[in-house]
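Enquirer: Show me how the following folds:
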Amino acid sequence: VFIIEDDDAITRILERTLKEFEFAVESFRDGASVLRRLQIKRPDLCICDLGLPDIDGYELARRLRAGA
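Expert: Sure, this is the predicted structure:
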């Protein structure tokens, strides 16, 4: 599971909860970071903040669906 969230408190809550259910989790603070990582690894699920500092979350979701 990729978490794309710029708020550290929210990221910690999501990470802790997902890890309790034994999900492998990677976190990113901005869209550019996750787009670079997608060139190497594809997650089964992305949890995306809509208000990221560098890209609108809706636009990031469109890129993720298109295969970034």
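
Enquirer: which parts of the longest helix seen in the chain are buried?
Expert: When the chain is parsed with DSSP state H, its longest helix is helix 8-20. Buried residues in helix 8-20, defined by neighbour count with 16 or more other Cβ atoms under 10 Å: 11, 14, 15, 18. C-beta here means a position set from N, CA and C on the backbone, and glycine is covered the same way.

Enquirer: go on, stretch 46-57?
Expert: By neighbour count on 16+ other Cβ under 10 Å, the buried set for stretch 46-57 is 46, 47, 48, 49, 52, 55.

Enquirer: try stretch 19-35
Expert: Within stretch 19-35, the residues that count as buried by 16+ other Cβ under 10 Å are 25, 27, 28, 29, 30, 31, 33, 34, 35.

Enquirer: nearest residue to the fifth one other than its sequence neighbours?
Expert: If you skip the residues right next to it in sequence, residue 30 has residue 54 as its closest partner in space, 4.6 Å away by Cβ to Cβ, 6 or more residues apart in numbering.

Enquirer: what about that neighbour, distance to residue 24?
Expert: Note on residue 54: its distance to residue 24, by Cβ to Cβ, to the nearest Å, is 25 Å.

Enquirer: Can you show me the helices along this structure?
Expert: Using DSSP H, helices in the chain cover 8-20, 31-37, 57-66.

Enquirer: Name the helix or strand of the protein that has the lowest mean pLDDT.
Expert: Least confident helix or strand, the chain: helix 57-66 with a mean of 91, by mean pLDDT, DSSP states H and E.

Enquirer: Which strands or helices does that one pack on?
Expert: Packed against helix 57-66 by the contact rule (3 or more Cβ pairs under 8 Å, 6 or more residues apart in numbering; DSSP states H and E) you find helix 31-37, strand 46-48.

Enquirer: residue ranges with poor pLDDT in this protein?
Expert: Low-confidence segments of the chain, defined by pLDDT under 70: 68.

Enquirer: which residues are in contact with the longest helix of the chain?
Expert: 1, 3, 5, 25, 27, 29, 47, 49 (Cβ atoms under 8 Å, 6 or more residues apart in numbering).
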